[in-house]
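Q: fold the following.
(chains A and B)
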Amino acid sequence: MSTDLDAIVGKPWKKPSFIKNPALRWGLVILAVVYFYFAFTTIDVNWARIYRGLDRGWQFILGFANPDFTSRWSDIYAGFMESVVMTVASTVAGIAISIPIALGAARNIAPLPVYMVCRFIVSISRALNEIIVAIILVKIFGFGPLAGFLTLSFATIGFLSKLLAEEIESMNMVAPEAIQSTGSSWAQWINFGVQPQVMPRLIGLSMYRLDINFRESAVLGLVGAGGIGATLNTAFDRYEFDSVAAILLIIIVTVMSLEYLSGVIRERIK
Amino acid sequence: MPMIEKNGQKIWQVRDRKAQFIRWAMWFFGTVAFLMAWKVISDGTEWYYVQTAPQAANDIITRAWPPKWGYINKLWGPIWDTVNIATIGTIVSLMLAVPIAFMAARNTTPSMLFVRPLALLVIVASRSVNSLIWALLLVSIVGPGVLAGVVAISIRSIGFCAKLLYEAIEEINETQVEAITATGARPWQVMVYGIVPQIMPSFAGIAVFRWDINIRESTVLGLVGAGGIGLQLNSSLNILSWSQVSLILMVILFAVVISEWVSAKVRGAII
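A: The predicted structure follows:
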């Protein structure tokens, strides 16, 4: 101890580094520098194109200052309602499907074979990007909100089942055991032993997922799966930046109010 | 304790009448809302086309298998671009997110009245618009290519990173900040020696976590022309070359698995 102290005394103090091992630290720095050299050389920046595009960027910002809700209002309204409808329906359907899968994906209440199957479903749903799923489903089911509904329900399963299963796995096992000792059936066991413990979390997650589904439904229209994204895409194609700004403002305000609402509800349930 | 009396005998119930009624009403309106939503979806769907869905799916699967393995040689460039979009986009967004996070955190914001709401507005605006929409916008401004993807990813990630970071800043231990302040340190010294070391682990965690998400998102940015493997996906879809599509999807899945593994490893090492 004293030798350590002797070594330190008289020397100015230096802030300890975040990565303690110097070899690893400098190795990472060199690696990063080399990577950035190659990464930046492969990005071709067309300054002339950007210069021409700046005008459009400026028009877009002006569009936000003066959003045009009226001239495309019927399209915007139809797209928005379709998004809302897809969001509500897919969240409900997604929750309904993901609850049994979550029960199966929780190791403490499901036998191993069921657990494996449910975990597999969850990881498939999580690995596939919504847009890619939407593209495939549009090819199979045709254009329109049905493909969007199915995509969002599928994506909800991965999200909700995973987090709900984690909640079930970390719950207190005493209460379910007490219910079981009364001679309850399996359904009663789940309903009175498990459900009350995970219900607040389930409601919170569902509200959060409603919020995410709305955000996602805004882009599904880009690949033809219905919703406000189709309207947005059309507005971009016509370079009508004031309508674009109006649509984006509607999306932002909706997301903000949904976030606020879900915050209030989660606060009250706690 | 809620009870009902039946034939002079008291029977225990889970809820009293009012709570039961509220629940029943919520279920009722929820069901009605779902059915109405389903009605709209059903009206907007060509059911004739849906009837042919099994054939369509079968057709796609038979044409998608086996994947066209030789096509992989044309994918190395786009894969490299995709990784670059995610990595550089994450780094740029972190550079922008750090000042915004300090402005948004209650304990470090210069002004609760003006700066904090503005920072929160930036965070919300960036978070609520999907990266594909940002990409769509940037493609029309800076032209198609990797640059549009990088900027789209970085704008989209600002909100996420800044939100998690400012929550981390608000949760720091004030005692250490006070100790540094007591030595007579200037504000930036308090920042560097009192606050930054405390949020460094969560900063690194957020960076890696967002990088993982960005890898996923950058794979589809090409659909709107913003570079990366999505460009190849889009052109393969347009020429209905399903054997190329299946190969690209496998590459994307592989990339997602790898990035998730890397992010889990790095976060495990930090925490």
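Q: give the contact list for the residue most central in space within chain B.
A: Centroid check for chain B by C-alpha atoms, centre = their mean gives residue B:213 as the closest residue, at 6.1 Å. Applying C-beta atoms under 8 Å, 6 or more residues apart in numbering or on different chains, we find residue B:213 in contact with B:157, B:160. For the C-beta atoms, the positions are set from N, CA and C on the backbone; glycine is no exception.
Q: ramachandran angles for it?
A: With angles defined as degrees, to the nearest 10, residue B:213 sits at phi -60, psi -40.
Q: equivalent analysis for residue B:175, please.
A: When read as degrees, to the nearest 10, the backbone of residue B:175 gives phi -60, psi -40.
Q: so it versus residue B:181, what's the distance?
A: The spacing between residue B:175 and residue B:181, counted by C-beta to C-beta, to the nearest Å, is 11 Å.
Q: check residue A:103 too.
A: Distance, residue A:103 to residue B:181, using C-beta to C-beta: 52 Å.
Q: what's the answer for residue B:201, then?
A: Distance from residue B:201 to residue B:181, by C-beta to C-beta: 22 Å.
Q: give me the number of neighbouring residues for the residue in the stretch 101-250 of chain A positioned nearest to chain B.
A: Among the residues of the stretch 101-250 of chain A, residue A:142 lies closest to chain B, at 3.7 Å counting by C-beta to the nearest C-beta. Neighbours of residue A:142 under the rule other C-beta atoms under 10 Å in any protein chain shown: 19.
Q: is it in contact with residue B:44, as I believe?
A: No: assessed by C-beta atoms under 8 Å, residue A:142 is found out of contact with residue B:44, at 10.6 Å.
Q: just the strands from chain B, written as ranges.
A: B:3-6, B:9-12 (DSSP state E).
Q: tabulate those (JSON lines), appending mean neighbour count and mean pLDDT.
A: As requested, those are exported to JSON lines (neighbours: other C-beta atoms under 10 Å in any protein chain shown; pLDDT from 0 to 100):
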{"stretch": "strand B:3-6", "mean neighbour count": "10", "mean pLDDT": "75"}
{"stretch": "strand B:9-12", "mean neighbour count": "9", "mean pLDDT": "79"}
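Q: right, is the longest helix along chain A up against chain B?
A: Secondary structure of chain A per DSSP state H: the longest helix is helix A:73-104. Yes: using C-beta under 8 Å from any C-beta of the partner chain, helix A:73-104 reaches chain B at A:81-82, A:84-86, A:88-89, A:92-93.
Q: filter these to the buried ones?
A: The neighbour-count test (16 or more other C-beta atoms under 10 Å in any protein chain shown) marks A:82, A:84-86, A:88-89, A:92-93 as buried among the residues of helix A:73-104 next to chain B.
Q: give me the neighbour count for residue 125.
A: Since no chain was named, I'll use chain A. 22.
Q: if you could check chain B rather than the one you did, that'd help
A: As a burial measure, residue B:125 scores 19 neighbours (other C-beta under 10 Å).
Q: the residue most central in space within chain A: which element?
A: Most central in chain A under C-alpha atoms, centre = their mean is residue A:212, positioned 5.4 Å from the mean C-alpha point. Element membership of residue A:212 [criterion: DSSP states H and E] is helix A:195-220.
Q: what is the mean pLDDT for that helix?
A: Here helix A:195-220 scores 88 as its mean pLDDT.
Q: list the contacts for residue 109?
A: Defaulting to chain A. A:103, A:168, A:176, A:190, A:194.
Q: the intended chain is chain B.
A: Taking C-beta under 8 Å, 6+ apart, one finds B:102-103, B:115-116, B:119 in contact with residue B:109.
Q: for these, which one is nearest chain A?
A: Using C-beta to the nearest C-beta, the contacts of residue B:109 come closest to chain A at residue B:119, 14.7 Å.
Q: tally of neighbours for that closest one?
A: Residue neighbour count, defined by other C-beta under 10 Å, stands at 21 for residue B:119.
Q: cool, the one 5 residues further on as well?
A: By other C-beta under 10 Å, the residues close to residue B:124 number 17.
Q: spatially nearest residue to it, not counting backbone neighbours?
A: Take residue B:124 and drop its neighbours on the chain: the residue closest to it by C-beta to C-beta, 6 or more residues apart in numbering or on different chains is residue A:256, 5.6 Å away.
Q: can you give me the pLDDT of that neighbour?
A: In this model, residue A:256 carries a pLDDT of 84.
Q: now it, what's its secondary structure?
A: Taken by DSSP: H, G, I helix; E, B strand; the rest coil, the conformation at residue A:256 corresponds to helix.
Q: before we move on, back to that, looking at the residues of helix A:73-104 next to chain B, which two lie furthest apart in space?
A: Greatest spacing in those, by C-beta to C-beta: A:81 and A:93 (18.2 Å).
Q: and the nearest residue to the residue nearest to the centre of chain A once chain neighbours are set aside, what helix or strand is that in?
A: Spatial nearest neighbour of residue A:212, chain neighbours left out: residue A:159 (7.3 Å); criterion: C-beta to C-beta, 6+ apart. Secondary structure assignment for residue A:159, by DSSP H and E: helix A:145-169.
Q: list the buried residues for that helix?
A: By neighbour count with 16+ other C-beta under 10 Å, helix A:145-169 contains the buried residues A:145-165, A:167-168.
Q: give me the helices and strands touching it, please.
A: helix A:73-104, helix A:112-127, helix A:130-141, helix A:195-220, helix B:17-43 (3 or more C-beta pairs under 8 Å, 6 or more residues apart in numbering or on different chains; DSSP states H and E).
Q: can you give me the buried ones in the longest one?
A: Just to be clear, that refers to helix A:73-104. For helix A:73-104, using 16+ other C-beta under 10 Å, the buried residues are A:75-76, A:79-80, A:82-95, A:97-99, A:101-104.
Q: can you check the last one too?
A: Within helix B:17-43, the residues that qualify as buried by neighbour count (16+ other C-beta under 10 Å) are B:34, B:37-38, B:40-41.
Q: any idea which of those is closest to residue B:218?
A: Among those, residue B:41 lies closest to residue B:218 (C-beta to C-beta), at 30.6 Å.
Q: let me see the contact set for residue 130.
A: Just so you know, I chose chain A. Residue A:130 touches A:151-152, A:155, A:216, A:219-220, counting by C-beta under 8 Å, 6+ apart.
Q: the chain in question should be chain B.
A: A:215-216, A:218-219, B:156.
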